[in-house]
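Trainee: compute the structure for the input listed below.
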Amino acid sequence: MKIFLITLLFVPIISLGACMDFYNQDLVTLKGEKFDLCQHQEKPIIFVNTASKCGFTPQFEALEKLYRDNKKNIMIVGFPSNDFNQELKTDKEIQDFCKLTYAVEFPMMSKSSVIGPKANPVYKNLAEITGEAPLWNFYKFLVMPKAESVHVFGSMTSPDSKKIISLIEPYIN
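Mentor: Numbers count the residues shown, from 1 in each chain. I've put the predicted structure just below:
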């Protein structure tokens, strides 16, 4: 009986810290460091597929400002991809471009595919959940805390648009 009561008291605490499957991915940044999405499952996360040589590349400015102003309450994760033939060749080139041109500090993952059968696990999950995959660079998937819902925004929607800000506003104010 005593063991049962102890188990009953501590199991909920243990499960609170558990990582949901959606976030439990092996991710590596452009710098070659592991990135743990599980640490951010309580926050809204904007996942964005990026490319250094795209007409939408200036959106890095709005993404970085949103991240810099709210990084305690939201997360932005960039996924460089050459799926649309507009990305630099190496992770080092991409890292240097993002840092030197846009002073990007939000986490940028290693270059990978975001569409089709070779899509990385995060984007496979996003496609399964939403039924949508990026149609171009700078598609944004806003995953609400604990993956309770996912909102998709096309390339034309700026990261600081009213549509996106209205969804994250309760978390940043």
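
Trainee: so where is this protein shaky, pLDDT-wise?
Mentor: By pLDDT under 70, the low-scoring segments of the chain are 1-17.

Trainee: can we see that at 50?
Mentor: Filtered on pLDDT under 50, the chain yields the residue ranges 1-15.

Trainee: and the strands in it?
Mentor: Applying DSSP state E to the chain gives strands spanning 27-28, 34-35, 45-50, 75-80, 140-143, 150-153.

Trainee: what is the second one packed up against?
Mentor: The elements that strand 34-35 packs onto, with contact taken as 3 or more CB pairs under 8 Å, 6 or more residues apart in numbering; DSSP states H and E, are strand 27-28. Using the backbone N, CA and C atoms, a C-beta is placed for each residue, glycine as well.

Trainee: contacts for the strand it packs on?
Mentor: 34-37, 109-110, 122 (CB atoms under 8 Å, 6 or more residues apart in numbering).

Trainee: ok, Thr29 - contacts?
Mentor: Taking CB under 8 Å, 6+ apart as the test, what Thr29 contacts is 35, 107-110.

Trainee: quick check: bridge partners of it?
Mentor: Beta-bridge pairing of Thr29 under DSSP bridges involves Met109.

Trainee: ranges for the helices of the protein?
Mentor: 2-16, 59-70, 91-102, 121-130, 162-172 (DSSP state H).

Trainee: fine by me, thanks again.
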